Structures are given as structure tokens and as C-alpha cells.
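Asker: predicted model, plus sequence, below.
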Amino acid sequence: MPEVFSSVLARDLKLASRRRIDALLPLAFFIVAISLFPLGVGPEPGMLRDMAPGVVWVCALLASMLSVGSLFAGDHADGSLEQMLLAPQSAMALAAAKCTAHWLVTGLPLIVATPLVGLLFDMSGPALAALVAGLVLGTPILSLLGALGAALTLGLRSGGMLLILIVLPLAIPALIFGAGAVGTIEAGMSASGHFSLLGALLITTAIGVPPAIAAALRISTE
Amino acid sequence: MQSQPVTVATAPRSVDAAVVLEARALAGQRGDRALFSGLEMALVPGSVTWLRGRNGRGKTSLLRLLAGLSTPMSGEIRVAGRTLREGGPAWRRHWVYIGHQNALKDDLSATEAVRFLARLHGLPADDALIAQALKRMGVANRQHAPVRTLSQGQRRRVALARLVLSMGAPVWLLDEPFDALDTDGITALNDIIAAHAAAGGCVLLTSHQPLTLTQPVPAVFDLEPYACA
């Protein structure tokens, strides 16, 4: 039985564990970038609390984009991608494995680091919970969209910039609902609408993006 | 010791049950440039075919077309009777493609790299078999070494070790497999290719060095008659 999903996922996690510094760079960027905001805009707590959800989401998005550019590039360069496309299974399994690996290595640490960040911004408990819940739904969306951008720009010379320009607009809905959910909680209302929309976005992305990634990968090896 | 290659006549057009890979009226391109057209090829079990042509004629492109990595401009490719589209992803079990690149990750050990490729293709991947495969290619002593510490020749041997596990795939498409190999490596690969052909498989390969394989005597397929200007 060919096991494209599990073998690619296991391999990518193993490779990340052997290059731990590289794997943790997005997390380091996330923490550093967020820390700059209180320093830059001043320590007034009310303003920081208002800004916090937006700042965290934007920094999570940028941190994701840092590591997604190399999602397929290494495999494309050494011929591994070709071999993965020759496996007797649909390339969607490969796409799903890559997105999952990216989320586990980059997205999950961001979620874990967010409560610490909440301290910097003096966020209240419920607001912080809403922020983390939103990121739990949103970071997989960012991984999926980032992987799509990476597959589309594979092999292009200025691929890095183009990737960011493609993915950032697509990520805006998740950003709006995720950050908005925290604002609604802070205003004392229920954020179930925001979370439902985030969940719907996640489902749509999870269903629609892997086939697109598979097609883009096939085109890149033509 | 050189073998005398035998030139292959044009392939029969009728569907022959014994033909394991068949290309009909195949046209290939690289970018905007047409490489070859009207290509006819039929590979039978037990054969080793040496694909020849000058640099830039499209040998690699042809191998990639046959492997299904790119789509031809026109024409049809059938493996074990079905086109690549009819057969779907599962049909890819019928062939192995090893290109110029070794597809080995620098940070994995030789064993881990081969294990990954084996699992990817649904091949038996237990440690004993992998160790045996690496031994047949003469790199058993480096089986736990990270790939980045291996020389080019050793990496090629590790990449080719997968063939030992792939005896079940009837068609082997090998692009410059002998590159970077020393005489021992060439002998090891010749033995593996001979074993595969003896078991009924077929091999299509390119090489700019003359082949030293004698069992079976390789047929020659020249790309020149099909080349576009």
C-alpha cells in the first residue's frame, strides 16, 4: 500500500526536527514582531488591548508566509517532488501532507505562543481565549493558502514576493473574522457568528485547495 | 568488454499482448520548441533498450513523457495495455522512473532516504530489505550516514538501490543511471538490470558512455529519425 500522506508527513516532521533552528524561525519572528508594537506605538494599555487581535493575526500571517515559500522548493530542486508525483496515488494526498506538516511545524507553535503574547497586550481572559480559538481555526487556513501560493510560484525567480502578493489578499477574510471575533467578545457579545464563518472558511479551503495545489504541482514539473 | 548493440526496427502497430510499454505517434516539446514527432516505440518483456540521441534531442523529455511527468503534444502512451489516463494514479505501479536527480534529502540517512522512497511507492520497506538493497549497490557501509556526507557516486548508488526493491514494476525508465558510478558501481547496476530483464521486466535507459551490459544485449533506439529540426 502506498502511503503518500503518512510517509511525506513523517519525513517532513523528521527533517524539521533535524533543522530545529530553521523550523523555529517563524515563531521567533512572530514573537519579535509582536513585541515591537508596544515599543513602537507606546504603552497605553487601552490602545494595546484594542490593537492586540489585529496585530497578532497579521504577525501570524506574516510568520506563516516566512516558512511556506520553501514548502516545495527543496523537493523541487533535488528531484523528490517528481518522485512524489510518481507515487501511485493522487497528488492531493501529497498536498494534504505538506499542509499538515506546515501547520504542525509553524502554525501550532504560534497558537501555543499566543497566550504569552496576550500578557504583553494586557488582554482579558475571554478575549485571549477567543483569540486562540480563532487561531486554531485560522492557522490551518493560512497553511493551506500558503501552500497553494507556494505551489503556484514554484520555480519562479521572484516567487517569494509573488507568493506573498497572492496569499495575503486570500487570507483577508480569515483575518477579519478572526480578529473581529475577539472584538465582539470584548464588547460583551457572542462571537459564534465569527467562529462559524471561520469554520466554514476552513472547510471550504480544506476541500478546495488541495486539488488546486495538486494541479499546480503537476504543471510545475511539466 | 563492449556488447554489440542491435538496432530495433520500427515497432509493430498491432496491439501485441506481450508489449509492456508502447508509444504511438508521440510528439514531444520543450517549451515552444518541438523536439520529436511521430515517435513509435514498443518495449517487450526481458528487453533492455538504450535510448540514444545527440544532446538536446529530447532523450530526457521522452523518458519524462513515458513516466507521465509531462504530457505529450500528441500521440499515445500505453503501459500494460492502458493509457496513463485510463489507468489513473494506481497504474503508476507499473513503472519506475529514476531521473538525473537522486531525490535524496541531505538530512536523512541513506537508509531513511530509501525507506521514504519505498514507502512512497508502496514497496516493501522493512530494514532488512533496504540493507540488502544498499549492499547490492555496494553502499552498505554508509547506510546510516547522512546523505550530505556521501560522495556523488555514493548518492547515485543509494538512489539506484531502490531498483532492487522495485523488481515488481515491469518497466524501468532510467535517465543516465551510470553517471558518477565507478566500475564496481556499473557492474552492480548491470547485475540488477540483468536480473530484472531475466525476470521479465524491461528497461529503457540513456547513457553517454557505451554500455557494458551483455545479458541481455541491449537494443538501441535512436531518437534521430524522429527529431524535428
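Answerer: Nice, thanks for sending it over. Bear in mind the structure is a predicted one, so any value in this text is a computation, not a measurement.
Asker: host element of residue 195?
Answerer: Let's take chain A. helix A:192-220 (DSSP states H and E).
Asker: hm, I was asking about chain B
Answerer: Under the criterion DSSP H and E, the helix or strand holding B:Ala195 is helix B:183-198.
Asker: so what secondary structure elements neighbour that helix?
Answerer: helix B:127-136, helix B:152-165, strand B:202-206 (3 or more CB pairs under 8 Å, 6 or more residues apart in numbering or on different chains; DSSP states H and E). C-beta here means a position set from N, CA and C on the backbone, and glycine is covered the same way.
Asker: tell me which parts of chain A are close to chain B?
Answerer: Contact residues (CB under 8 Å from any CB of the partner chain) of chain A with chain B: A:1-4, A:6-8, A:11, A:14-15, A:18-19, A:74, A:78-80, A:82-90, A:221-222.
Asker: quick one, phi/psi of the residue in chain B that chain A sits nearest to?
Answerer: Using CB to the nearest CB, the closest approach of chain B to chain A is made by B:Gln101 at 2.8 Å. Main-chain dihedrals, B:Gln101, degrees, to the nearest 10: phi -90, psi 150.
Asker: how far away from the center of its chain is stretch A:162-170?
Answerer: In this view, stretch A:162-170 has its centroid 12 Å away from the chain centroid, taken as CA atoms, centre = their mean, to the nearest Å.
Asker: what sits up against that stretch?
Answerer: Here stretch A:162-170 makes contact (CB atoms under 8 Å, 6 or more residues apart in numbering or on different chains) with A:Leu61, A:Met65, A:Val68, A:Gly69, A:Leu145, A:Gly146, A:Leu148, A:Gly149, A:Ala150, A:Leu152, A:Thr153, A:Leu156.
Asker: neighbours around the residue nearest to the second one when sequence neighbours are not counted, how many?
Answerer: By that I understand A:Met65. With sequence-adjacent residues excluded and distances taken as CB to CB, 6 or more residues apart in numbering or on different chains, A:Met65 is closest to A:Ile164, at 5.6 Å. By other CB atoms under 10 Å in any protein chain shown, 19 other residues sit near A:Ile164.
Asker: from A:Asp75, how far out is A:Ile164?
Answerer: 21 Å (CB to CB, to the nearest Å).
Asker: burial measure for the residue in chain A that chain B sits nearest to, as a count.
Answerer: Residue nearest to chain B within chain A: A:Gly79 (2.8 Å; CB to the nearest CB). A count of nearby residues for A:Gly79, using other CB under 10 Å, gives 18.
Asker: and the pLDDT at the residue nearest to the residue of chain B closest to chain A when sequence neighbours are not counted?
Answerer: Once flanking residues are discounted, B:Gln101 sits nearest to A:Gly79: 2.8 Å by CB to CB, 6+ apart. What the model reports for A:Gly79 is a pLDDT of 95.
Asker: correct me, but A:Gly79 touches B:Ala113?
Answerer: No: the criterion here is CB atoms under 8 Å, and A:Gly79 misses it with B:Ala113 at 11.6 Å.
Asker: need the contact list for B:Asp175.
Answerer: B:Asp175 touches B:Lys59, B:Thr60, B:Leu63, B:Tyr97, B:Ile98, B:Gly99, B:His100, B:Leu205, B:Thr206, counting by CB under 8 Å, 6+ apart.
Asker: of those, which is the most crowded?
Answerer: Ranking the contacts of B:Asp175 using other CB under 10 Å puts B:Ile98 first, with 27 neighbours.
Asker: what about A:Ile141, which helix or strand?
Answerer: helix A:125-152.
Asker: what is the orientation angle of that helix with helix A:192-220?
Answerer: Helix A:125-152 and helix A:192-220 are oriented at 20 degrees to each other (axes from the mean of the first three to the mean of the last three CA atoms, to 10 degrees).
Asker: buried residues, the following helix or strand past helix A:125-152. List them.
Answerer: Downstream of helix A:125-152, the next assigned helix or strand under DSSP H and E is helix A:159-186. By neighbour count on 16 or more other CB atoms under 10 Å in any protein chain shown, the buried set for helix A:159-186 is A:159-160, A:163-164, A:166-168, A:170-171, A:173-175, A:177-186.
Asker: helix A:159-186 - what's its average pLDDT?
Answerer: Here the average pLDDT along helix A:159-186 is 93.
Asker: distance from it to the middle of the chain?
Answerer: 10 Å.
Asker: kindly report the same for stretch A:130-148.
Answerer: With CA atoms, centre = their mean, you get 5 Å for stretch A:130-148.
Asker: and what of stretch A:73-93?
Answerer: With CA atoms, centre = their mean, you get 22 Å for stretch A:73-93.
Asker: just the C-alpha atoms of it, please, in CSV.
Answerer: Output of stretch A:73-93 as CSV, limited to C-alpha atoms (Å, rounded to 0.1, in the frame of the first residue of the first chain):
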residue,chain,number,x,y,z
ALA,A,73,11.2,24.4,-3.3
GLY,A,74,13.7,21.9,-1.7
ASP,A,75,11.9,18.9,-3.0
HIS,A,76,11.6,20.5,-6.5
ALA,A,77,15.3,21.2,-6.6
ASP,A,78,16.5,17.7,-5.6
GLY,A,79,14.0,15.7,-7.6
SER,A,80,12.0,14.5,-4.6
LEU,A,81,8.9,16.3,-5.9
GLU,A,82,9.0,14.3,-9.1
GLN,A,83,9.2,11.1,-7.2
MET,A,84,6.3,12.1,-5.0
LEU,A,85,4.2,12.9,-8.1
LEU,A,86,5.1,9.4,-9.5
ALA,A,87,3.6,7.7,-6.5
PRO,A,88,0.6,5.6,-7.3
GLN,A,89,-1.8,7.9,-5.5
SER,A,90,-3.4,11.2,-6.3
ALA,A,91,-1.2,14.3,-5.7
MET,A,92,-3.9,15.6,-3.3
ALA,A,93,-2.5,13.2,-0.6
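Asker: and chain B, which residues reach chain A?
Answerer: Applying CB under 8 Å from any CB, we find that chain B lies next to chain A at B:67-71, B:89-93, B:97, B:99-105, B:107-108, B:112, B:116-117, B:119-122.
Asker: output the below-cut-off pLDDT ranges for the chain.
Answerer: All of this is about chain A. A:1-2 (pLDDT under 70).
Asker: chain B is the one I meant
Answerer: In chain B, residues with pLDDT under 70: B:1-17, B:229.
Asker: mind listing the helices for it?
Answerer: Ranges of helices in chain B, per DSSP state H, are B:59-67, B:84-87, B:110-120, B:127-136, B:152-165, B:183-198.
Asker: so which of the ones you listed is the most packed in?
Answerer: Across the helices of chain B, averaging neighbours per residue (mean count of other CB atoms under 10 Å in any protein chain shown) puts helix B:110-120 on top, at a mean of 25.
Asker: between it and helix B:152-165, how many degrees?
Answerer: Going by the same axes, to 10 degrees, helix B:110-120 makes 40 degrees with helix B:152-165.
Asker: got the angle between helix B:110-120 and helix B:127-136?
Answerer: Using the same axes, to 10 degrees: helix B:110-120 against helix B:127-136 is 120 degrees.
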